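Engineer: got a predicted structure plus its sequence, pasted below:
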Amino acid sequence: MTIVEATRAYEAWLGQQIPIIRADLAAKHERMAEDAFSFFRATFYRWMQLLPELCAEAFKAPAVLSVGDLHVENYGTWRDAEGRLIWGINDFDEAAPLPYTNDLIRLATSASLAIEQENLILPLAKACAVILEGYTTGLETGGGPFVLSEQHRWLRDIATSRLRDPTLYWEKLTTLSTIKRVPPKVLTLLRNALPNKDVPFRVAHRQAGLGSLGRERYTALADWCGGKIAREAKPLVPSACVWSGLRPHDKHIYYADILRRSVRAADPFLDLQDSWILRRLSPYCSRIELAALPRSREEEKLLWGMGRELANIHLGQRPAVPRILQDLRRRKSKWLRQSTEIMTTATLRDWKAWRKRSGVT
């Protein structure tokens, strides 16, 4: 199956699960042709077709409740119940039971593609080594949330560099077009998510992300207590692992499970109701794009932290940890780099085929 055929088949399946916004899907297709990293972020369904075949030995590893669609831009910040700024993985749309190696290879492959685009400058071998070192350290020490205070000052400086101008953030949101017809259920969900049910608000349409671009997305915008606030609702569907045939009969949505079990300082505004996810939007509650990071960033520390934060997620199933560590010890030292090179090559091949299909030279 080619990438074009796979995309057509996956989107047909997705359309059977939820309504599709065709204009957003067209925008997604255009962005997939722009660069290999964007293509990678948008095509987790293709990843689940290729990884078990191309990295069969690495895929034979202990299973754990996994992020699934992990990449270097699937990390961001939020405020916990104490108002502290927390950094970590912030998207679990594709969570599913998978070999622990899936998340590591996908994270390393995203770093490899970022290196190709010069958004990261360290060598691939070093990137793989520090991701694996951070992950192993997290498992061995029992993990712990990344609270951006005195313990992780270097990471706080990286994370807050793009958060210094909330004015620009809110200006961008306030320019969004208002949605005239909003399902009553969604209106109720958004109203209940606001700090006061009597707060007037309007609902806007926001194009965001890549993996979920094409799904409905409703953003409530309001003024409250002297400032702007926002909440967003988005429908969830079973992981693309179902579509790929890897877990064909598993229709369960694992988002709430992975949040509940992980070593996290939870976001109190993140809520799941009837297959809808609701979250607060603000300059301090968003993912971090590599291109927005300061050039003085410490890339080795950053990737090490990403590996260790992944361990926080996998520690949600502690009985699996001894098996994972034993499996890691038996693997050859270059296994992650070799798997990453294989998947990078496959991704670039598919991206070039997609560009050709899109008429991009």
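Structural biologist: Cool, got the structure. Bear in mind that the values here come from a model prediction, so they are computed numbers and not experimental data.
Engineer: quick one, grab the pLDDT at the nearest residue to residue 358 once chain neighbours are set aside.
Structural biologist: Excluding its sequence neighbours, the residue lying closest to residue 358 (CB to CB, 6 or more residues apart in numbering) is residue 33, at 4.3 Å. Heads up, the C-betas are built off the backbone N, CA and C, glycines and all. We note a pLDDT of 95 for residue 33 in this prediction.
Engineer: how about residue 33, what does it touch?
Structural biologist: 39, 351, 354, 355, 358, 360 (CB atoms under 8 Å, 6 or more residues apart in numbering).
Engineer: what's the answer for residue 91, then?
Structural biologist: Residue 91 touches 67, 69, 74, 209, 211, 287, counting by CB under 8 Å, 6+ apart.
Engineer: before we move on, back to that, drop anything exposed from the contacts of residue 33.
Structural biologist: 39, 351, 354, 355 (16 or more other CB atoms under 10 Å).
Engineer: let me know the closest of the residues you listed to residue 334.
Structural biologist: residue 351 (24.8 Å; CB to CB).
Engineer: which strands or helices does the top helix by length along the chain pack on?
Structural biologist: Determined from DSSP state H, the single longest helix within the chain is helix 335-357. Counting contacts by 3 or more CB pairs under 8 Å, 6 or more residues apart in numbering; DSSP states H and E, helix 335-357 is packed against helix 3-17, helix 22-34, helix 36-42, helix 44-54, helix 100-116, helix 124-141.
Engineer: tell me the most buried of these?
Structural biologist: Comparing the helices and strands packed on helix 335-357 by mean neighbour count (mean count of other CB atoms under 10 Å), helix 100-116 comes out on top with a mean of 26.
Engineer: what angle separates that helix from helix 44-54?
Structural biologist: Orientation of helix 100-116 against helix 44-54 (axes from the mean of the first three to the mean of the last three CA atoms, to 10 degrees) gives an angle of 110 degrees.
Engineer: show me where pLDDT drops low in this protein?
Structural biologist: The chain contains residues with pLDDT under 70 at 150, 159-165, 291-297, 359-361.
Engineer: give me the nearest residue to the residue nearest the centre of it, chain neighbours excluded.
Structural biologist: Centroid check for the chain by CA atoms, centre = their mean gives residue 74 as the closest residue, at 3.5 Å. Closest residue to residue 74 apart from its sequence neighbours, by CB to CB, 6+ apart: residue 91 at 5.1 Å.
Engineer: any idea how far the closest residue to residue 208 other than its chain neighbours lies from residue 279?
Structural biologist: Leaving out its chain neighbours, the residue that sits closest to residue 208 by CB to CB, 6+ apart is residue 217, at 6.6 Å. According to CB to CB, to the nearest Å, residue 217 stands 11 Å off from residue 279.
Engineer: swap in residue 79?
Structural biologist: 12 Å.
Engineer: ditto for residue 7
Structural biologist: 27 Å.
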